[in-house]
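In: What would the 3D arrangement of this be:
(chains A and B)
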Amino acid sequence: MVSRPLLSSAFRQATRPAPTFASKFSSPRFFPISARFLSAETKAAIDKAVGSAPVVLFMKGTPETPQCGFSRASIQILGLQGVDPQKFNALNVLEDEDLRQGIKEYSEWPTIPQLYVDKEFVGGCDILVAMHQNGELAKMFEEKKVLILAEGEASK
Amino acid sequence: MLRRSVLSLARRQLSAMALQTPMEDAMRTKITEALKPSTLEIHNDSHLHSHHKAMAGSTSQETHFRVVITSEAFKSKMQPARHRMVYALLKEEMAREGGIHALQLRTRTLEEEQKQAERDSTRKGEGVDAKVDVA
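Out: Below you'll find the model as predicted:
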């Protein structure tokens, strides 16, 4: 198992795409709080975000400084599972209100964090914890080939 | 003297507040009616989160919930579908300003609950715990 400090630094680079993503949401909003329907523009931007890496986490805060316990737990699970930072992207919904509301509509899921793997919605924090505990998550990540290669495992 | 009576008054108010749980009651009613659960636990964890930035200005004592539901309505449904069923039931409570901010869900069928109970009892004593470290 790889140590945690190393992992969190490895995840750091994964946050970089966020600002460029956020800038795509700068259009004015006409429906302040409960935007019932996603605009085509927002949907396209979220489509792109969901496909920005094999493993994508929509979270509150960044992997190094999560702003919510559930986002923190989700990041820790991805680290424990050994998800390859090169194949991972984290998007901070707190940086963009349109993204924050948009992703809820897009996924038909009212809470953050949300995990996507190969553009498919997997679940929120409780589902990740359960899948982490029962082995389903490890199986899925292995099948999707998104884990760090065996080097680290050989040295345990 | 005065301070003591103020304190006891405050305490009385606190206990009265603790008894008023409109959100929890609404959740219990809706979940019970729709899912006919064999197990329904509703834990109010709001006090653990009252310092959160997102909770600034919120006066609600009912913002963070942990809910355990065992129901045959979940049979042959994947976890995301089960959670969506509950989210749909509580849509209004979650969307409302000052409503439910966080909802942790454990959604199982009776069979899954029993299997888990068996596993837990055989696992006891081995010291194996797969819990996530949230430190």
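In: which residues of chain A fall in helices?
Out: Under the criterion DSSP state H, chain A carries helices at the ranges A:4-12, A:18-23, A:40-50, A:69-81, A:97-107, A:125-134, A:136-143, A:151-154.
In: Helix A:125-134 and the longest one, what's the angle between them?
Out: Counting by axes from the mean of the first three to the mean of the last three CA atoms, to 10 degrees, helix A:69-81 lies at 30 degrees to helix A:125-134.
In: that older thread, mind putting the helices of chain A into TSV with mean neighbour count, distance to A:Asn89 and mean pLDDT?
Out: Placement of C-beta: from N, CA and C, glycine included. Listed next are those as TSV, based on neighbours: other CB atoms under 10 Å in any protein chain shown; distance: least, CB to CB, whole Å; pLDDT from 0 to 100:
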stretch	mean neighbour count	distance to A:Asn89	mean pLDDT
helix A:4-12	15	10	47
helix A:18-23	14	8	46
helix A:40-50	17	8	94
helix A:69-81	22	11	97
helix A:97-107	20	13	94
helix A:125-134	20	16	96
helix A:136-143	16	15	97
helix A:151-154	10	21	52
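In: mind pulling up the phi and psi values for residue 65?
Out: Assuming you mean chain A. Phi and psi for A:Thr65, reported as degrees, to the nearest 10, are phi -130, psi 80.
In: wait, I meant chain B there
Out: phi -130, psi 150.
In: so who does it touch?
Out: B:23-24, B:27, B:42-46, B:100, B:102-104 (CB atoms under 8 Å, 6 or more residues apart in numbering or on different chains).
In: Just list whatever residues bridge to A:Leu57.
Out: Partner residues in beta bridges with A:Leu57, using DSSP bridges, are A:Ala90, A:Leu115.
In: Give me the pLDDT for it.
Out: A:Leu57 is assigned 98 on the pLDDT scale.
In: likewise the one 5 residues further on?
Out: A:Thr62 carries a pLDDT value of 97.
In: Next: B:Ser58.
Out: 82.
In: Hmm, it is touching B:Ile100, no?
Out: No. Here B:Ser58 does not reach B:Ile100: they are 11.4 Å apart, not a contact under CB atoms under 8 Å.
In: These two - which one has more neighbours?
Out: The neighbour comparison of B:Ser58 against B:Ile100 (other CB atoms under 10 Å in any protein chain shown) goes to B:Ile100, with 23 against 17.
In: Check the secondary structure at the more buried one for me.
Out: Of the three states, B:Ile100 takes coil according to DSSP: H, G, I helix; E, B strand; the rest coil.
In: Would you convert the helices of chain A into CSV that also reports distance to B:Leu35?
Out: Formatted as CSV, the helices of chain A follow (distance: least, CB to CB, whole Å):
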stretch, distance to B:Leu35
helix A:4-12, 38
helix A:18-23, 38
helix A:40-50, 30
helix A:69-81, 23
helix A:97-107, 22
helix A:125-134, 17
helix A:136-143, 23
helix A:151-154, 42
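In: would you list those in CSV and tack on distance to chain B?
Out: Shown next, in CSV, are those (distance: least, CB to the nearest CB, whole Å):
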stretch, distance to chain B
helix A:4-12, 9
helix A:18-23, 19
helix A:40-50, 15
helix A:69-81, 5
helix A:97-107, 9
helix A:125-134, 5
helix A:136-143, 9
helix A:151-154, 18
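In: Which of those sits closest to B:Pro80?
Out: Checking these against B:Pro80 by CB to CB gives helix A:125-134 as the closest, at 6.5 Å.
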